[in-house]
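Q: my questions concern the predicted model and sequence given below.
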Amino acid sequence: MTVPRFWRKIPNRYNLEGTKCSSCGMAYMPPRNICPNCRRESDIVDYKFRGEGILKSYTIVRKSTDDYGDKTPYVIGIIELEEGPRLTSQIVNCNPENVEIGMKVVSCYRKLQEEGEDGLISYGVKFSPK
């Protein structure tokens, strides 16, 4: 990821910020400029999600690339936020064998990746059982 793109995406990545249509009430993550529901009739505003949701689906990664090999096994899941949008994220702070569809999760701030020993360290949102 380039440095300008990294800085541009900080509000979305760190705060779970998206957009919401004032006309129909639909919320979007990642943010959108036009509501697909209302089209150009909509009024899109910035929206901060609460960070709570339900795990809709998941997979346990047992074998990974060298970058994440020491972190296996880990869980990647599809989370449906209370406000409606679905997003993909890692599930942390739990035994992968105890994860189940329908469990309530809450967002938490964690390290995402490092670009080498002297490179950029990226932080962002992951999810944890509630």
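A: Thanks, I have it.

Q: and for the chain, the residue most distant from the center?
A: When distances to the mean C-alpha position of the chain are computed (Cα atoms, centre = their mean), the maximum falls on residue 41, with 28.2 Å.

Q: all strands of the protein, in order?
A: Shown for the chain, the strands assigned by DSSP state E span residues 17-21, 27-28, 44-48, 52-61, 74-81, 86-91, 104-114, 121-129.

Q: chain center to the fifth one, what's the gap?
A: In other words, strand 74-81. Distance of strand 74-81 from the chain centroid (Cα atoms, centre = their mean, to the nearest Å) equals 8 Å.

Q: wait, which of the strands of the chain is closest to residue 34?
A: Proximity to residue 34, assessed across those by Cβ to Cβ, is greatest for strand 44-48 (6.9 Å). C-betas here are computed from N, CA, C, even on glycine.

Q: can you list the strands that the closest one pairs with?
A: For strand 44-48, the paired strands and their directions (DSSP bridges) are strand 17-21 (antiparallel).

Q: many thanks, I have nothing further to ask.
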